[in-house]
Structure formats: C-alpha cells, structure tokens
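Trainee: structure for the following, please:
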Amino acid sequence: MSIPILHVKSEEIDNTEKRRKYKISIIGCGRNGVLHAYLFAEAGFKIICVDANRAVVNNLAKGKTPFLRRKIEPLLKKHVRNGCLSATNDVEKAVAQSDVILITTRAEIDRKKKVNYLDLEKTCKHVGSSLQRGSLIIIMSIIGPTAAEGLIRENLENTSGFKAGVDFGLAFSPVRRVDEQTPEKLAECKRIVAATDKDSLNAASTVLGTITKEGVVETSDVKTAEAATLFEAVHHYTSIALANELARFCEKARIDYLKAREIAEASACSLLVLPTVIGGSIRDKPYLLLDEAENLGVRLRIPVIAREINEELLKHVVGLIREALRSCGKTLRRANISLLGISQMPNMKDTPKVSSKELAKILEAKGAKVSLYDPYLSAGELIDLGYPLKKNIRNTMESVDCIVILTGHDRFKRLNLKKLKIMARMPAAIVDLEGIINPEKVEKEGLVYRGLGRGVWTK
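Mentor: Residues are numbered from 1 along each chain as shown. Alright, predicted model coming up:
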C-alpha cells in the first residue's frame, strides 16, 4: 500500500522501486509535457501521457516524439516496452487512476492578440470531473498572475466538488523558456514551486525534487511566484528586442555586433544577448503580462515597444535578403532561395521553427522560389510546412541565388564556399541570421554576405 502522495516524504520515494507505486498523468504532450514524461519515467514513476491529438497519442504510444529524437526516443521506447509509459486521449480515465496530474496546457493568444484561457479552462474541467480525493495537481505552464488562484482553482473546485488544499493538492511550477529546454537543461534548472497550503507545497517539492539536480525554491505566495516567472520571461523577451535594435544599428554603423558583444563579455559581466527572430511560446509572454496590466488599468510601455521591435524583425530579415540579392544584380522575384536549418535547436532533431514557415511564406508571396534543408529533419517531418525539402547540402547549392541560415547547426559552419561558388547561380549571396559564417571568407570567394547585426560587409 503506497503512502498518499500529499503526505509522502522524500525518503519514501528515494528509489525506483518506491516510485513505481505512483502514477503521474501529464496533460498536454507538447515539448513541456514530453520532457517531463521522459524525466519522470527515467526517475521511476509510471507515466500516462494525455493529449487531444490522436496522432501525438499514437506516436507516444510507440515511444516516438517530434523533437530531441536522438536524445530521448530510445529511452521512451524502453519505458513503453516495460509498461511504465502509456498514452491516451481520455483525460478522465487517466486522471481517475493517477496520484499526480501535471497540466502543461498553455494560454493561447488569439488573432486579435488577446489572451484566451479557454483550452486551459476546458482542461481543468476535464481533470476536475474525475479527480480523486488526495491527488496532487501541478500547473506547469506560465500564465497570468491572477489566473493561477482564480480561474484554475475555481474550475477545478467547481467541477470536482472538492476544495483545493483540503481534498486535493494544487501547486504551480511553471517552466521557463520551454522552447529552449532539453532533458539536461530542465534537470539542471532550479524550479520555483508555489502553493498556498503546506501539504501541496511539500508534496509538489518532493515530487519535482526527484527530477531536478538543483532543488526547488518554495513559496506560499502563488501570485508572486507566477509574476516572478512571467517577469523573467518578459525580461528575456525585452533583452532580445534590445539586441535586435542594436543589431540594426550595427548594420548601418559598420560594426559587428558579435564582436562588440564578445568584447563586452570579456571586459565586464555583460548581459547582451544574441539578436534573433522570435518564435514559439516566448512570443506569448508579453501578451500575458499586457493583458493583466490592461485589466488593472496599468500602461506598460517597454513590453509594448519590445513586442513591436521583435515582431518587425522578420520584415528586416526580408530586407536583408532583398538587399543581398540587389547587390547580386537580382530581385526577389523568381530568385531561388534555400533556407538552411529549420529545427528549433541547433545540432539536434527538433520541432521546426515557427519563423521558418513565416519567412518562407513572405518570400514566396514576393515571387521567390523557396526550398528548405535541415540535416536533422526528413521530408515527412517537414511536410506540414508545404515547401520543397532538399535532400542534402549539395542540392541546396544547385542554381541557388541566396542561402539563408536560420539555425546554426555546426555543419553549416563548415559550408564549402568554393563548391557553392561553382554550383550557385552566380553572383549569389549568403544571409546569415545565426552569426556562424565568417563574412571575410564569404566575400573572398566572390559571394555577397549579409548578417543580422554584422555590419562588416563590403559588397
């Protein structure tokens, strides 16, 4: 007989045999959910992955995942074979047999740029309808500070008929920068754990402590904990906006932003980040904060400006490509453009960047012929993007007018410029958004170079 999860102590789940007595349901199997499924399965718990998407469920039931495949798929398959990991789209059934329920459902941003909690509300109602007394629920997604104890607690209590902190545990431990996470990073991340009652706080900290090497930061102030996580995300977002703005300055001032950043880091504790086209869940974070600020009648200026800068960067990238082609005596119309690097993270099989599809769509609308290449992704995995996929790096060079580097895979650093010069439709250009190619070497081979923030080109 296992000890109820709300009263379990760390020594009572300090090995695989003890942990195997407990079941954890993970609601929502995107990156956040699957990473936690992997870590908790590795720690020894029995895992039920729950998702409304049947394709996701079918793949997870076979131990397959669309990202970080080389890292985690072999072990996911092992846990499936051992009966320690299963997948379903039946939320109620999974919750009814679970000790711990992790909810990773995100708040969505609609077309009008308004925060929409409908999916999260629906998830809470499904969970509440079959919640068992004594269970522990942990919210793993970043939400607005007032939504945590209001919307979530209210829906769970009203649907279940139970009271949080009395009949079931409710805690919050949002994951920061989820799109950048890998199993190793997540395990080394010090987690914030918040709950208003002692049992929920202790239980959540004990459970999460089995998958983190750095321990947890506990607090009974849920609203402030949610705010802290959201503030950190918005701070990161605004730092990128500043980097993107400085990058544009450097391009005109004939300065290499990467070298300036390198000098700043060598001489001081620099906080300069790399300029980048933002995609994925990080885009949502300023909207979550701005939505809450609007409801409170507070006007936040910096997040608004940061949002404008970051959302305009894709247009600037198109401008760099147009300028590079113009230096080659060409236009965007009918230009053959190859986008290199589609996966979210460099040097691994990962989900495609949202910005890759957006950029391809803009270029195509302007008359360019766009193709994609990523050494870590197959044609089948990129079929949803709707653009031709090159089989190898050689194919990307054939009759190309411009190569755009979107993800800085190491093998792109070794791009054979001499071969490109022979195979491309010269004069041709390279637009490097990741800062991995030496501009001087590119120009030495007679190619045109443009790079985000790298104002050192001469052609």
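Trainee: figure out how far stretch 117-132 is from the centre of its chain.
Mentor: Here stretch 117-132 shows a centroid-to-chain-centroid distance of 24 Å under the convention CA atoms, centre = their mean, to the nearest Å.
Trainee: ditto for stretch 60-68
Mentor: Between the mean C-alpha location of stretch 60-68 and the chain-wide mean there is a distance of 17 Å, by CA atoms, centre = their mean.
Trainee: could you export it as CSV, CA atoms only?
Mentor: This file holds the C-alpha atoms of stretch 60-68, laid out as CSV (Å, rounded to 0.1, in the frame of the first residue of the first chain):
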residue,chain,number,x,y,z
LEU,A,60,3.9,8.5,-27.9
ALA,A,61,2.3,5.0,-27.5
LYS,A,62,5.2,3.8,-29.7
GLY,A,63,7.8,5.9,-27.9
LYS,A,64,8.1,8.5,-30.7
THR,A,65,8.4,12.2,-30.4
PRO,A,66,8.8,15.1,-32.9
PHE,A,67,11.7,16.7,-31.2
LEU,A,68,15.0,15.7,-29.5
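Trainee: which helix or strand contains residue 74?
Mentor: Secondary structure here is read from DSSP states H and E; on that basis residue 74 sits in helix 69-81.
Trainee: strands of the stretch 1-150 of the chain, start to end?
Mentor: 23-27, 46-50, 85-88, 100-103, 108-109, 115-116, 136-139 (DSSP state E, counting those that start in this stretch).
Trainee: so for the last one, mean pLDDT?
Mentor: Computed over strand 136-139, the mean pLDDT rounds to 94.
Trainee: what packs against that strand?
Mentor: With contacts defined as 3 or more CB pairs under 8 Å, 6 or more residues apart in numbering; DSSP states H and E, strand 136-139 has these neighbours: strand 100-103, strand 169-172, helix 198-208. The way it works is simple: take the backbone N, C-alpha and C, and place the C-beta from them, glycine included.
Trainee: give me the neighbour count for the nearest residue to residue 437 once chain neighbours are set aside.
Mentor: With sequence-adjacent residues excluded and distances taken as CB to CB, 6 or more residues apart in numbering, residue 437 is closest to residue 430, at 6.1 Å. The criterion is other CB atoms under 10 Å. On that basis, residue 430 has 25 neighbouring residues.
Trainee: nearest to residue 325, out of the strands of the stretch 1-150 of the chain?
Mentor: Within the strands of the stretch 1-150 of the chain, the stretch nearest residue 325 is strand 108-109; the backing value is 33.3 Å (CB to CB).
Trainee: and the helix holding residue 74, average pLDDT?
Mentor: Averaging pLDDT along helix 69-81 yields 80.
Trainee: low pLDDT regions in this protein?
Mentor: Filtered on pLDDT under 70, the chain yields the residue ranges 1, 67-70, 178-180, 280-281, 380-385.
Trainee: let me see the domain layout of it.
Mentor: Following automatic domain parsing, one finds the domains of the chain at 5-220, 222-459.
Trainee: so who does residue 77 touch?
Mentor: Neighbour list for residue 77: 62, 63, 64 [criterion: CB atoms under 8 Å, 6 or more residues apart in numbering].
Trainee: 10 Å - rerun?
Mentor: 62, 63, 64, 85 (CB atoms under 10 Å, 6 or more residues apart in numbering).
Trainee: neighbour-wise, which of those residues leads?
Mentor: Of all the contacts of residue 77, the most densely surrounded is residue 85 (25 neighbours; neighbours counted as other CB under 10 Å).
Trainee: still on that earlier bit, to residue 327, which of the strands of the stretch 1-150 of the chain lies closest?
Mentor: For the strands of the stretch 1-150 of the chain, proximity to residue 327 was assessed by CB to CB; strand 108-109 is nearest, at 37.5 Å.
Trainee: hang on, the earlier thing: make JSON lines out of the strands of the stretch 1-150 of the chain and add distance to residue 312.
Mentor: Rendered in JSON lines, the data for the strands of the stretch 1-150 of the chain read as follows (distance: least, CB to CB, whole Å):
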{"stretch": "strand 23-27", "distance to residue 312": "36"}
{"stretch": "strand 46-50", "distance to residue 312": "38"}
{"stretch": "strand 85-88", "distance to residue 312": "40"}
{"stretch": "strand 100-103", "distance to residue 312": "34"}
{"stretch": "strand 108-109", "distance to residue 312": "17"}
{"stretch": "strand 115-116", "distance to residue 312": "22"}
{"stretch": "strand 136-139", "distance to residue 312": "33"}
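Trainee: now the helix holding residue 74, how far from the centre of its chain.
Mentor: Worked out by CA atoms, centre = their mean, helix 69-81 lies 21 Å from the chain centre.
Trainee: would you mind listing the buried residues in it?
Mentor: Buried residues in helix 69-81, defined by neighbour count with 16 or more other CB atoms under 10 Å: 69, 71, 72, 73, 76, 79, 80.
Trainee: how about stretch 418-431?
Mentor: Applying a neighbour-count criterion of 16+ other CB under 10 Å, the buried positions in stretch 418-431 are 420, 421, 423, 424, 427, 428, 429, 430, 431.
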